[in-house]
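Novice: fold the following and give me the result.
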Amino acid sequence: MSPTTLPAGPEHGHVTFLGAGPGDPGLLTLRAVEALANADVLVAGHEVLDVVRAHARAGVAIVNTDPGSSADLSADPAPGTGTPQLTVVDGTSTTVGAPAERDAAHLVMEAARGGRRVVRAVSGDPGLDTYAAEEMLACAAAGVPFEVVPGIAAAVGVPAYAGVPLRDAQGADVRFVDARTASDRCWTEVGASDGTVVVSASLDSVAAAAGELVSAGRKPDTPMTVTVAGTTTRQRTWSATLGTIAQTLKQAKVLPSPDGGRPVIAVVGERSATAQRDQLSWFESKPLFGWKVLVPRTKEQAVSLSDQLRSYGAVPHEVPTIAVEPPRTPQQMERAVKGLVTGRYEWIAFTSVNAVKAVREKFEEYGLDARAFAGIKVAAVGEQTAKALIAFGVKPDLVPSGEQSAAGLLEDWPPYDPVFDPIDRVFLPRADIATETLVAGLIELGWEVDDVTAYRTVRASPPPAETREAIKGGGFDAVLFTSSSTVRNLVGIAGKPHNVTVIACIGPATAKTAEEHGLRVDVMAPEPSVLKLAEALADFGARRRAAAVEAGDPVTRPSERRPGARRRRSTT
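Specialist: Numbers count the residues shown, from 1 in each chain. Purely as a prediction, here's the structure:
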């Protein structure tokens, strides 16, 4: 292959300087995700790593640039320098520490040796990063090819998430100032302007920055907003004026971080729409904003539910309560799969994602694929099960048009007709604890059913001690129960949720089990669907927020109730 067709030579490698944005992983660009997926080495500080790590491929070597990070055994100091040298270990992620941020340029150069593709990720945008330009110059001097993938700068992204547009219809001038490095001349220039000023600061310096603007000529009653942890579910914004912001933060008991470096973005100006923030604050007014929601399901089942909760502003915490294991006697499953291939069945019905997984694994064990379903009608109990089948390469013939349950499946299931159905048998791979509703209903419709245990459900191991303490101590704002077994298993492995925690159940049977365990049920899904359950919790959160606003009370999460607040279990 000609050298001109290679993005990087074998000696020098290639470096991508990538902007990770202000904190929300959803703000990464498509080009950033592509670069991360192809990286051999990822260089970043821990906060940035939290944003980008999920998009990196398995086996990427990770270099942590934070001062004081401990070095992995795969990194040896260069003789006489004390700077870690990078060794990429194929198939595993390796974390290598750096003594200080200023050594990042050296680490980037070392990582690029041997033709490696390096992603150097920085917060916000590389063009506004203090050190990125120096690292680019080092690459240029050494002949290492590099590219820049822009990111959303915090000074732009955070005000957008805080509901503070920086310009109005009159096109006000916008100035950007870093309070930590601004000179007296800079303050004088922005103070003389009547435009909007976006100040990057820390909690230690934001009040002083307000004072600098007043000294430079801005009126003390000029509106000002201050946002901490912008674009994340920890975001919080205060509205005040240049003259009152120090007192506002003091009254709110907003404390600087121990190192004084907790970043904030402040927006100052008459024309920056700070006065309309109550109407424009779309992010912090999400119905479950900042709520820590416990999702007690298997990890595979929790993914879609957690994604939906995030869309409402919640912070889902997945705690598996059920572990899935193969059946104790696999012969029955083996016979059924062979019968499926040889034409024993007219239908196969899947009642869970786990059932799809169990059959798929058995297929792979025999060297089969989705083509083995040719000529067989396939039913799925609901949308998630149908998606698992489609991922397997099988499009289900029947998905309930109404309730996504065994009862809903029976509503749409056709009765056996000897004229049109050459075979009268249904293969039903299920859990060992499945109910008999579907089997009885199919028999009543004239079908013969091979009810086969495809997998066993057992109680999962207890979660970490800190999670158990949060469950019992009121550290979670809500918990979603998707079955009676999740109630029993969660209480069994972690203890009973605190009485300030909002309890949401997928249906009456689950709610009854929760109440039998002494829990008050606050939310019930209108139909047995995890989608509807999450929607119902969001509606509950929205009503709770609206009631607080109408009463003139601060909007708080359930876990923020005063110590000692108790709730009585509902008797209705």
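Novice: partners of whichever strand or helix holds Ala349 in the sheet?
Specialist: Using DSSP states H and E, Ala349 maps to strand 347-350. Partners of strand 347-350 in the sheet, by DSSP bridges, are strand 377-380 (parallel), strand 425-431 (parallel).
Novice: for Glu527, find the nearest of the ones you listed.
Specialist: strand 377-380 (16.8 Å; C-beta to C-beta). C-betas here are computed from N, CA, C, even on glycine.
Novice: quick one: low-confidence parts of this structure?
Specialist: By pLDDT under 70, the low-scoring segments of the chain are 1-11, 67-102, 169, 171, 255-262, 271-275, 298-302, 562-572.
Novice: centre of it to the edge, which residue is at the far end?
Specialist: The C-alpha centroid of the chain is most remote from Val419, which lies 51.6 Å away (C-alpha atoms, centre = their mean).
Novice: secondary structure class of that one, three-state.
Specialist: Following DSSP: H, G, I helix; E, B strand; the rest coil, we place Val419 in the coil state.
Novice: what comes up buried for the longest helix anywhere in the chain?
Specialist: The helix spanning the most residues in the chain, taking DSSP state H as the definition, is helix 530-550. Residues 530-538, 540-541, 544-545 are the ones in helix 530-550 that count as buried (16 or more other C-beta atoms under 10 Å).
Novice: what's next to that helix, contact-wise?
Specialist: 285, 287-288, 291, 293, 304-305, 308-309, 312, 383-384, 478, 480, 482, 502, 504-506, 522-526, 554-556 (C-beta atoms under 8 Å, 6 or more residues apart in numbering).
Novice: CA atoms of that helix as CSV?
Specialist: These are the backbone C-alpha positions of helix 530-550, laid out as CSV (Å, rounded to 0.1, in the frame of the first residue of the first chain):
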residue,chain,number,x,y,z
VAL,A,530,-41.8,-0.2,31.3
LEU,A,531,-42.4,2.6,28.8
LYS,A,532,-45.6,3.6,30.5
LEU,A,533,-44.1,3.1,34.0
ALA,A,534,-41.3,5.6,33.2
GLU,A,535,-43.9,8.0,31.8
ALA,A,536,-46.0,7.7,34.9
LEU,A,537,-43.1,8.5,37.1
ALA,A,538,-42.3,11.6,34.9
ASP,A,539,-45.9,12.7,35.2
PHE,A,540,-45.7,12.4,39.0
GLY,A,541,-42.5,14.4,39.0
ALA,A,542,-44.0,17.1,36.8
ARG,A,543,-47.1,17.4,39.1
ARG,A,544,-44.8,17.6,42.2
ARG,A,545,-42.7,20.3,40.6
ALA,A,546,-45.7,22.3,39.5
ALA,A,547,-47.2,22.1,43.0
ALA,A,548,-44.0,23.5,44.6
VAL,A,549,-43.8,26.3,42.1
GLU,A,550,-47.5,27.3,42.6
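Novice: so what's the gap between that helix and the chain middle?
Specialist: From the chain centre to the centre of helix 530-550 is a distance of 20 Å (C-alpha atoms, centre = their mean, to the nearest Å).
Novice: check stretch 390-401 too.
Specialist: With C-alpha atoms, centre = their mean, you get 27 Å for stretch 390-401.
Novice: 23 is where my numbering starts, stick with that
Specialist: Taking 23 as the first residue, the last one we looked at is stretch 412-423.
Novice: may I see the buried residues of it?
Specialist: For stretch 412-423, by 16+ other C-beta under 10 Å, it's Phe414, Val416, Pro418, Leu420, Val421, Pro422.
Novice: quick one: terminal-to-terminal distance for that stretch?
Specialist: With C-alpha to C-alpha, to the nearest Å applied, stretch 412-423 spans 18 Å between its terminal residues.
Novice: which of the contacts of helix 552-572 count as buried?
Specialist: 307, 309-310, 313, 315, 326-327, 330-331, 334, 406, 500, 502, 504, 524, 526-528, 544-547.
Novice: so which of those residues are in helices?
Specialist: Ser326, Leu327, Gln330, Leu331, Gln406.
Novice: with distance to Gln353 as extra columns, can I get those residues in CSV?
Specialist: As requested, those are arranged in CSV below (distance: C-beta to C-beta, whole Å):
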residue, distance to Gln353
Ser326, 34
Leu327, 35
Gln330, 39
Leu331, 41
Gln406, 29
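Novice: helices of the stretch 273-422 of the chain, start to end?
Specialist: Remark: helices assigned in the stretch 273-422 of the chain by DSSP state H, counting those that start in this stretch are 299-302, 321-333, 353-363, 375-388, 405-414.
Novice: looking at the ones you listed, which is closest to Ala127?
Specialist: helix 321-333 (35.6 Å).
Novice: can you show me the strands along the stretch 123-272 of the chain?
Specialist: Taking DSSP state E, counting those that start in this stretch, the strands of the stretch 123-272 of the chain run over residues 139-144, 168-171, 196-200, 218-224, 245-250, 258-263.
Novice: highest average neighbour count across those strands?
Specialist: strand 139-144 (a mean of 27; mean count of other C-beta atoms under 10 Å).
Novice: which strands or helices does that one pack on?
Specialist: strand 36-41, helix 52-59, strand 63-66, helix 68-74, helix 126-134, helix 154-164 (3 or more C-beta pairs under 8 Å, 6 or more residues apart in numbering; DSSP states H and E).
Novice: for the second one, what is the distance to the chain centroid?
Specialist: Taking C-alpha atoms, centre = their mean, one finds the center of helix 52-59 at 18 Å from the center of the full chain.
Novice: hey, which strand is longest across the protein?
Specialist: As assigned by DSSP state E, the longest strand anywhere in the chain is strand 470-481.
Novice: what is the neighbour count of the spatially closest residue to Lys534 that is not a sequence neighbour?
Specialist: In space, and not counting its chain neighbours, Lys534 is closest to Ser506: 7.8 Å by C-beta to C-beta, 6 or more residues apart in numbering. Each residue near Ser506 was counted by other C-beta atoms under 10 Å, and the total is 19.
Novice: do I have it right that Ser506 meets Thr532?
Specialist: Yes - judged on C-beta atoms under 8 Å, Ser506 makes contact with Thr532 at a distance of 5.3 Å.
Novice: for the longest strand of the chain, give me every contacting residue.
Specialist: By C-beta under 8 Å, 6+ apart, strand 470-481 touches 343-350, 354-355, 358, 361, 367, 376-377, 379-381, 446-455, 461, 464-465, 507, 511, 514-515.
Novice: what's the closest non-adjacent residue to Gly217?
Specialist: Using C-beta to C-beta, 6+ apart, the closest residue to Gly217 is Asp195 (3.1 Å).
Novice: against Pro580, how distant is Phe562?
Specialist: From Phe562 across to Pro580, the span is 10 Å (C-beta to C-beta, to the nearest Å).
Novice: overlap in contacts, those two.
Specialist: Val524.
Novice: next SSE after the longest strand of the chain?
Specialist: helix 487-495.
Novice: mind listing what's buried in that next one?
Specialist: Using 16+ other C-beta under 10 Å as the test for burial, helix 487-495 gives Thr489, Arg490, Ala492, Ile493.
Novice: same thing with stretch 447-467?
Specialist: Across stretch 447-467, burial judged by 16+ other C-beta under 10 Å covers Val448, Phe449, Leu450, Pro451, Arg452, Ala453, Ala456, Leu460, Val461, Gly463, Leu464.
Novice: just stretch 224-244 next, same as before
Specialist: 224-229, 231-236, 238, 240, 244.
Novice: which one among those residues gets closest to Asp434?
Specialist: Using C-beta to C-beta, the buried residues of stretch 224-244 come closest to Asp434 at Leu225, 58.4 Å.
Novice: so what's the residue count around Ala155?
Specialist: Neighbour count for Ala155, taken as other C-beta under 10 Å: 13.
Novice: Asp72 too?
Specialist: Residues near Asp72, counting by other C-beta under 10 Å, number 14.
Novice: that one and Ala176: what is the separation?
Specialist: Counting by C-beta to C-beta, the gap from Asp72 to Ala176 is 15 Å.
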